[in-house]
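Chemist: Return atomic coordinates for the entry below.
(chains A, B, C and D)
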There are 2 protein chains.
Amino acid sequence: MERTSQKRLSREAGIASAGEGASRRGRLDLFKFVPFRLNRLAAEVSMALSSEYEARYGLDIPEWRVLATLGFRKEACSAQYIAQCTRTHKSTISRAVTTLLERELIERVANTDDRREFRLRMTRKGKALYDELVPRLLRREQEILACLSAQERRMLGQLLGKIEQSLDLIQTSEEADAKDAY
Amino acid sequence: MERTSQKRLSREAGIASAGEGASRRGRLDLFKFVPFRLNRLAAEVSMALSSEYEARYGLDIPEWRVLATLGFRKEACSAQYIAQCTRTHKSTISRAVTTLLERELIERVANTDDRREFRLRMTRKGKALYDELVPRLLRREQEILACLSAQERRMLGQLLGKIEQSLDLIQTSEEADAKDAY
DNA sequence: ATAAGATAGTTGCAAGTGAAACCATTTTGC
DNA sequence: GCAAAATGGTTTCACTTGCAACTATCTTAT
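Modeler: Next up is the predicted model:
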């Protein structure tokens, strides 16, 4: 680890005293630029979590997302559904599903109504892994957010929610219903 | 576009009423799980921005990061510095630098003090591109954050800052100095 | 009833990325 | 002063991923 330039680095980095915007006289301060900060933060947080599901359980992110979706919903659901819901490309989900099937963590049930589609659900083995993994991940999340007060955590959630909503990342049931109705 | 499952999807998604945590009776709600939300949000925001630097200027993210770093700092700096500062792998930076050199958007100056290292700086052409690009990106950022009040934007920045700091993503000058001193 | 279009899911291909090996140079330790 | 370790930067390799093409099935329109 070399310190010299690391030191220089942080000279203007400091703690991004956000709110005042990322620009000053036509220059752009990456450290105050929200898209960059989100990217970096997401990458770092992912890294911090991957030691749980990756190193310990041999799952990668797409595989974890499949399990997370199946674990949260009670009924079996389709690959397509998982892809939309996690906003992950369907080919990525397809590969994750293949791996999980091979490891017998999930299983497929043919859908007689529509033979293109398969319903997926966790096997007993998969559920066991899920039950073991979830508390660990939640603990990690709490560790990461430990620097925030309960109030601040709530605030963060709300702010993220607003941005998600404005980016249409999450559809409220009303919106979905509306679109469905017409 | 299939609506049926999309509709189901949002039933429990709703707007993550954060703060109450992502868990309920041993299940984990991805939509309330901060690591997942950050990932998804970062991906989406990146996508929204890429139309600017990618489609319009043929830059990818690493290349943009190099320019952003060079543009913000007044003096020429090394590839290593850029890598640390943007937390991007050095091989990725190396490739981005190669491309930018070919496009003559940046140039290298040999460092006589240490002949392993090269100082990088923008060419006139690079600076011109930068000056054109930055306002566009800032505008996009504002569009994305338009759903937040000034107060909320400030808050978001502070919250991100706290998490960054706790993850050691940003070193304050004091920390850097301290580590340097010993 | 049938052809045209949509949809679920899989797979081949190309591009991007991180890890590790590598080269050249500089620093460290004895 | 010299061998060993460290550092800046490049390159190779393996892997992941997104896109697009493809198959099979279902829906729609005429």
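Chemist: Is it correct that residue A:33 is in contact with residue A:22?
Modeler: Yes: taking contacts as Cβ atoms under 8 Å, residue A:33 lies within contact range of residue A:22: 4.0 Å. C-beta here means a position set from N, CA and C on the backbone, and glycine is covered the same way.
Chemist: what touches both of these two?
Modeler: Common neighbours of residue A:33 and residue A:22, counting by Cβ atoms under 8 Å, 6 or more residues apart in numbering or on different chains, are residue B:141.
Chemist: right, quick check: the host helix or strand of residue A:101 against chain B, any contact?
Modeler: Using DSSP states H and E, residue A:101 sits in helix A:90-102. No: judged by Cβ under 8 Å from any Cβ of the partner chain, helix A:90-102 stays clear of chain B, getting no closer than 12.1 Å.
Chemist: packing partners for that helix?
Modeler: helix A:61-72, helix A:79-86, strand A:106-110 (3 or more Cβ pairs under 8 Å, 6 or more residues apart in numbering or on different chains; DSSP states H and E).
Chemist: Mind listing what's buried along the lengthiest helix in chain A?
Modeler: Counting residues, the longest helix found in chain A (DSSP state H) is helix A:124-145. By neighbour count with 16 or more other Cβ atoms under 10 Å in any protein chain shown, helix A:124-145 contains the buried residues A:126, A:127, A:129, A:130, A:133, A:134, A:137, A:138, A:140, A:141, A:144, A:145.
Chemist: looking at it, the fifth one is touching residue A:53, isn't it?
Modeler: Which is residue A:133. Yes: here residue A:133 reaches residue A:53: they are 6.1 Å apart, a contact under Cβ under 8 Å.
Chemist: Touching both of those two, which residues are there?
Modeler: Here residue A:133 and residue A:53 share the contacting residues A:59, A:64, scored by Cβ under 8 Å, 6+ apart.
Chemist: Quick check: chain neighbours aside, which residue is closest to residue A:62?
Modeler: Leaving out its chain neighbours, the residue that sits closest to residue A:62 by Cβ to Cβ, 6 or more residues apart in numbering or on different chains is residue A:96, at 3.9 Å.
Chemist: Ignore what I typed, I meant residue A:160.
Modeler: Per Cβ to Cβ, 6+ apart, closest to residue A:160 is residue B:37, 5.4 Å.
Chemist: quick revisit: wait, which of the helices and strands packed on helix A:90-102 is closest to DNA strand D?
Modeler: helix A:61-72 (5.2 Å; Cβ to the nearest atom of the strand).
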